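Novice: Just need the structure, nothing else, for what follows:
(chains A, B and C)
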Amino acid sequence: MRVTWEHIRGNLWLLASLLPLAVMIFGFELLPIMGMLIDSFRTDDGAAWTLGQYITALKNPYYLVAIKNSLLISLLSSFIAIVAAAFVAYFITRLKPKYQEAVLTYVNLTANFAGIPLAFAYIIMLGNSGLFTILFQRWGLDIFSEFNLYSWSGLVLVYVYFQLPLAILLLYPIYFEIKEQWREAAHLLGASDMQFWLQVGLPVIMPGLIGTFSILFANAMGAYATAYALVGSNYNLLSVRIGALISGDVYARPHLASALAILLALSLIAAMLTNEYMMRRIRRDLK
Amino acid sequence: MKEKKALHRIAIALMFLYLFMPLIATFLYSIATDWYDTVLPKGLTLSWYVKLFKDVRFVAALGRTLFACSVAVGLNIAVMVVSIFIVSLYFPKLERYLQAFAMLPYAIPGVIGAVGLIKVYSSGPFAISGTVWLLIGAYFVVILPYTYQGTKNSMRTVDLPQLVSAAELLGASKPKAFFKVVLPNILPGVMVSALLSFSVLFGEFVLTNLLVGGYYETVQIYLMRRMRESGHLSSTVVISYYLFVFCLSWIALKLGQNFKNGNLDSLRGKKYELPHYR
Amino acid sequence: MSYLIIDKVTKKFDGTVVLNEISLAIEKGELVTLLGPSGCGKSTLLRCIAGLNEVDGGRILLNDRDITYLAPRKRGVGMVFQSYALFPNMTVYENIAFGLKMQGLKGDRIAARVREMIDLVGLAGKEESYPRELSGGQQQRVALARSMIVEPDVLLLDEPFNALDAKIRKTLQMELKNIQKKSGMTMIFVTHDQEEALTISDRIFVINEGRVAQSGKPLEIYSQPASEFVARFIGNFNVLKGEEFEQLVGESIFSGKSLAIRPEIIKLSLNGDNGKCHNGSWRIKGEVVGVFLKGNILRYRVRSKDCILDVDVLNNSLDCNLNYDTSVELVIPKDEVKVLNL
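Specialist: Reported below is the predicted structural model:
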């Protein structure tokens, strides 16, 4: 289509009305990302180009531990949540349709309960004078009453809580991909329930499972509010570290923060790529 | 088969117990007189709620939150609806880019966004760091995925191209068609995503804390501060906040049902909005 | 004793009776068809035989075993579904081998039998393909092979060709018949297409409202329908009330009865053309009110007094010259007028 002056003038008003959106996207989405990318390759005083920030991020034990902790907690909580959700979501699909809708609505409601309110609630329940802590003491269950909410296991517990509803909501539609007739055919050919799931059911939903795991992992890695409220700076997590570096608790190091943020983003991308790769191995029929 | 059904129900019941326990505990705390080292509270009272809503600082925080969220959501909806309309009808080639940019914030955790935003806006010509305007700008981008999806879905449900063609055949110009035909029809669907966006922003903490922190105390920041001081008061904030979100979701759900005649197929089509980052 | 016995089986869904004490018996090595309109219960009966639905009453006996309450896996029953139900994550080879794998057989033992089966259904060269790469007809062959390889006592086919084009259907019908003859497997075929039933069956059970309306060899059922329902369903019979026919022929012997006349046994003659007088036939005068080309059959719709009769003639040049409003004479052999029992 030839672009004439008439054409541009005719569409000028239209293009102009797209301007506000363009400005907002550029100003608050693109520019920050670019700025962050650039900053991650500059020295602390902003004067020169360097890889130093990345080297610090990966060599300095302080930050290395943060990365390791975040990875560990994210992987573990995502795994626990997805396994539990796989069963629960499946059970939900076996209910009567009108109940299914109701159950999912309530799950959706609890999915919003996260961040500071969630940390607070868990402190009430399992903190040093939490109601369950005291209950366990009364019952003499010392193993449980000595549980430290403010440790990595506490974090995993709380993370699982907000991962679970998300996982259920994401996994639920996937089960509809399994046709009842596959199961019937498999039964008639001599397969037990377990054999059906291993041979046909699981492979069919595997792409969905893997995709969901990616999302859960990203969700956990990016979590800030919950951890901040629960352990503050007392436990070394990547997201909280980054926050500390830009809000200048002691001294702000925004360039290092940029490098760490980029690394965080890379870990998400790496997770997604790993999952894609795994999926291709398991479902060779989906090219 | 019958034993299996029982197992299913028990599992789901346990799940609900697990999911609602924190809420119940917090609620109890908010109506307890004294609950230090006993399993159950010593007494019940509503005095904490009264205290909360009389607290000037809370009311101020509530006002600030409502302001920032409303402006961000309002601005976003206005801009998005018009932009999506124009792109769908006039510049379909730009559709892909619009979608990419609109969905991108969903993949970026708040922390990462905060780093970039502070870098750009803490100095230079647009030094709005620490002000509510930076926050509103950030909020705008945060809810892009929700309003984009919501608006697109609404437009698809009413079959936008056909609607506009029908209006044009009856003599309306495109702008007229937009205001008189399209807008009224997609309004319910758009309202749903507006309400959802509002609840998302209401619970937003990471960007708020890192971008404006103490300079603009929203409800979440207030909660964070109070948490150290008074457990009872904090729990009332949590319950109030949750009730508010609950109401918003309920309204959104009802609106959505009327709009789409919900059935099992819409469940499979991911009718549920997925939560924001924690 | 018969190989497969359905003994007064009853099945209800939400209070509606779908199978009404239905009984039938099938011999070993037969290919029988359950034929009937949608909703008559034929698919439900099939699923009850397979164990996918539970019966509310009655018994099912297969090869001298009472399988009424056995789990599907234990019945020795195979099934081919209308939607093929092939496992999407497995190749053709793996799909077919599935049943053998479930029995615990090892790789090389499986390979020989799978190869045999693939040749039998005509899918050589497609072993490594996935279901979504195959056409509907090919997928159905895989489904067939998959079910047959485990050598079930009886193979059930639930409208297996319903989703396929007409031409492929015809091809597969013949192939199924051949395969069945070769293997000697007992098969129960369900369809609502009477032409299909007539083509492939050794015997047909016509089913209506949860009961057997008539059973017998295809020819028997076609030429001697027992009831008005069967007559209307099985072919393009002219079904008339006794009184109507009496008006046309002037004899009152059919009062209170229903009659069925096959369109292809009615002969047409232009008035005065045919001088011979057949005493074994009735002669009726009428006008042509419709001409329909059905390929190798030409169907004339003739009105006589107030009755409409369809007459089918072969589409060769001898009888094709009749137009609308042409006066014709219908010659109907007396013993081809069947009296129906309700």
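
Novice: so C:K11 bridges to which residues?
Specialist: C:L19 (DSSP bridges).

Novice: Correct me if wrong: it contacts C:S43.
Specialist: No. Contact criterion Cβ atoms under 8 Å: C:K11 and C:S43 do not qualify, at 11.1 Å. To be clear about C-beta, it is placed using only N, CA and C from the backbone, and glycine gets the same treatment.

Novice: where does the chain dip in pLDDT?
Specialist: Unless you meant another one, I'm taking chain A. Low-confidence segments of chain A (pLDDT under 70): A:1-10, A:145, A:249-250, A:287.

Novice: Let me rephrase: I mean chain B.
Specialist: Short version for chain B, where the test is pLDDT under 70: B:1-3, B:37-39, B:124, B:259-278.

Novice: mind checking the backbone torsions on the residue lying closest to A:Q199 once chain neighbours are set aside?
Specialist: Among residues not flanking A:Q199 along the chain, A:A191 sits closest, at 6.8 Å (Cβ to Cβ, 6 or more residues apart in numbering or on different chains). Backbone torsions of A:A191, given as degrees, to the nearest 10, read phi -80, psi 140.

Novice: what number of residues lie near A:D193?
Specialist: 12 (other Cβ atoms under 10 Å in any protein chain shown).

Novice: go on, A:M206?
Specialist: By other Cβ under 10 Å, neighbour count at A:M206 equals 18.

Novice: If you count neighbours, what's buried in the host helix or strand of it?
Specialist: Here A:M206, judged by DSSP states H and E, is contained in helix A:202-221. If you call a residue buried by 16 or more other Cβ atoms under 10 Å in any protein chain shown, then helix A:202-221 has these buried ones: A:203-221.

Novice: How about stretch A:105-118?
Specialist: A:107-118.

Novice: Which residues outside that stretch are in contact with it?
Specialist: By Cβ atoms under 8 Å, 6 or more residues apart in numbering or on different chains, the surrounding residues in contact with stretch A:105-118 are A:121, A:158, A:161-162, A:165-166, A:168-169, A:225-226, A:228-229, B:16, B:19-20, B:22-23, B:26, B:199, B:203, B:205, B:220, B:223-224, B:227, B:238, B:241-242, B:245-246, B:249, B:253, B:272-275, B:278.

Novice: Start and end of it, how far apart?
Specialist: 19 Å (Cα to Cα, to the nearest Å).

Novice: ok, A:L64 touching A:L58?
Specialist: Yes. Assessed by Cβ under 8 Å, A:L64 is found in contact with A:L58 at 6.7 Å.

Novice: any idea how chain A splits into domains?
Specialist: A:1-39, A:56-282 (automatic domain parsing).

Novice: quick one: the first one near chain B?
Specialist: It refers to domain A:1-39. Yes. Domain A:1-39 lies within reach of chain B by Cβ under 8 Å from any Cβ of the partner chain, at A:11, A:14, A:17-18, A:20-21, A:24-25, A:27-36, A:39.

Novice: quick one: the longest helix anywhere in chain A to chain centroid distance?
Specialist: In chain A, taking DSSP state H as the definition, the longest helix is helix A:61-93. Computed by Cα atoms, centre = their mean, to the nearest Å, the chain-centroid distance of helix A:61-93 equals 8 Å.

Novice: repeat for stretch A:139-156
Specialist: Taking mean C-alpha positions (Cα atoms, centre = their mean), stretch A:139-156 and its chain are 24 Å apart.

Novice: in it, what's buried?
Specialist: Quick answer for stretch A:139-156 (16+ other Cβ under 10 Å): A:145, A:147, A:149-150, A:152, A:154-156.

Novice: now these as a markdown table including secondary structure and distance to chain B?
Specialist: Output for those, formatted as a markdown table (DSSP: H, G, I helix; E, B strand; the rest coil; distance: Cβ to the nearest Cβ, whole Å):
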| residue | secondary structure | distance to chain B |
| --- | --- | --- |
| A:S145 | helix | 12 |
| A:F147 | coil | 15 |
| A:L149 | coil | 12 |
| A:Y150 | coil | 14 |
| A:W152 | helix | 17 |
| A:G154 | helix | 13 |
| A:L155 | helix | 12 |
| A:V156 | helix | 14 |
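
Novice: which non-adjacent residue is nearest C:I332?
Specialist: C:W282 (4.8 Å).

Novice: Would you agree that neighbour is in contact with C:V249?
Specialist: Yes. Under the criterion of Cβ under 8 Å, C:W282 makes contact with C:V249 at 4.8 Å.

Novice: near chain A at all, the host helix or strand of B:W48?
Specialist: Using DSSP H and E, B:W48 falls within helix B:47-54. No. Figure legend: helix B:47-54 not in contact with chain A (Cβ under 8 Å from any Cβ); closest approach 13.7 Å.

Novice: Does anything pack onto the helix or strand just after that helix? Which helices or strands?
Specialist: Going down the chain from helix B:47-54, the next helix or strand is helix B:56-90, by DSSP H and E. With contacts taken as 3 or more Cβ pairs under 8 Å, 6 or more residues apart in numbering or on different chains; DSSP states H and E, helix B:56-90 sits against helix A:5-17, helix A:19-25, helix B:95-107, helix B:132-142, helix B:144-157, helix B:160-169, helix B:183-202, helix B:219-229.

Novice: Single out the most deeply packed of those.
Specialist: helix B:132-142 (a mean of 24; mean count of other Cβ atoms under 10 Å in any protein chain shown).

Novice: got a list of what the nearest residue to C:N89 once chain neighbours are set aside touches?
Specialist: Closest residue to C:N89 apart from its sequence neighbours, by Cβ to Cβ, 6+ apart: A:P203 at 4.1 Å. Contacts for A:P203 (Cβ under 8 Å, 6+ apart) come out as A:282-283, C:89.

Novice: Indicate the residue of chain C located nearest to chain B.
Specialist: Closest to chain B within chain C is C:E54: 9.6 Å, counting by Cβ to the nearest Cβ.

Novice: in what helix or strand does that residue lie?
Specialist: Applying DSSP H and E, one finds C:E54 in no helix or strand.

Novice: what about the residue nearest to A:G46 when sequence neighbours are not counted, neighbour count?
Specialist: Distance criterion Cβ to Cβ, 6+ apart; nearest residue to A:G46, sequence neighbours excluded, is A:H255 at 7.1 Å. By the criterion of other Cβ under 10 Å, A:H255 has 26 neighbours.
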